[in-house]
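S.K.: quick one: sequence plus predicted model below, questions after.
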Amino acid sequence: MWNTLLSEGRIGQTLLTAWIAKENLRNLLALARTGADRHQVGQARWKFLTWCADSDIPEVRQLATTIDRWWPEIAEFLDTGHSNAKSEGINRVIKLVARAAFGFRNAVNQRLRARCVTTRRARGLLRTAQL
């Protein structure tokens with residue numbers, strides 16, 4: 001498949017290298033759902049890091065550096081399957097509401113507005129309002 005796309009000139013070598021690095025990272029993170037052992041995780045990590053190290057693309061090498069720097073947290077996610085995505089999402093919504101409410105004279109009203117948006121009942125309304 002890749003050879004056909006390269007020979008036809010539809011994609012370049014740089015794009016292909018970055019795409020394969022992304023796919024290797026996706027495969028590594030997908031191991032969280034499979035309950036893979038340390039050996040499988042280590043092999044997937046080695047495959048990703050060596051691919052990135054062998055590339056001549058600075059962005060791909062920086063991605064590998066970032067993944068390596070955050071490896072203890074990523075390994076914990078792969079072991080447990082838990083992340084802090086919910087709390088990060090709520091924090092994002094609070095920041096958006098705080099920006100919209102900037103300039104309220106009463107700080108209590110601003111806090112109340114952020115609290116109301118992040119309650120369970122309001123979250124469903126928030127999703128439909130963004131559509």
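M.R.: Sure thing, it's come through.

S.K.: confidence score at the spatially most central residue of the chain?
M.R.: Centre of the chain computed as the mean C-alpha position; nearest residue by CA atoms, centre = their mean is residue 85, 9.4 Å away. Each residue has a pLDDT score; the one for residue 85 is 80.

S.K.: next up, phi/psi of it, please.
M.R.: Backbone torsions of residue 85, given as degrees, to the nearest 10, read phi -60, psi -40.

S.K.: spit out the contact partners of it.
M.R.: Remark: with contacts taken as CB atoms under 8 Å, 6 or more residues apart in numbering, residue 85 is in contact with nothing. All C-beta atoms are positioned from the backbone trio N, CA, C, and that covers glycine.

S.K.: and it, how close does it get to residue 34?
M.R.: Residue 85 sits at a distance of 19 Å from residue 34 (criterion: CB to CB, to the nearest Å).

S.K.: same check, this time on residue 99
M.R.: The span separating residue 99 from residue 34 equals 40 Å under the rule CB to CB.

S.K.: the closest residue to residue 52 other than its chain neighbours sits in which helix or strand?
M.R.: Taking CB to CB, 6 or more residues apart in numbering as the measure, residue 52 lies nearest to residue 64, with 3.4 Å between them; neighbours along the chain are not counted. Here residue 64 is covered by helix 58-69, with elements defined by DSSP states H and E.

S.K.: now the angle between helix 58-69 and the next helix or strand after that helix, please.
M.R.: With elements assigned by DSSP H and E, the helix or strand that comes after helix 58-69 is helix 71-80. Orientation note: helix 71-80 sits at an angle of 70 degrees relative to helix 58-69 (axes from the mean of the first three to the mean of the last three CA atoms, to 10 degrees).

S.K.: okay, helices next: where are they in the chain?
M.R.: Along the chain, counting by DSSP state H, helices occupy 2-7, 13-30, 38-54, 58-69, 71-80, 85-100, 107-117, 120-130.

S.K.: which one of these has the lowest average pLDDT?
M.R.: If you rank the helices of the chain by mean pLDDT, helix 120-130 sits at the bottom with a mean of 54.
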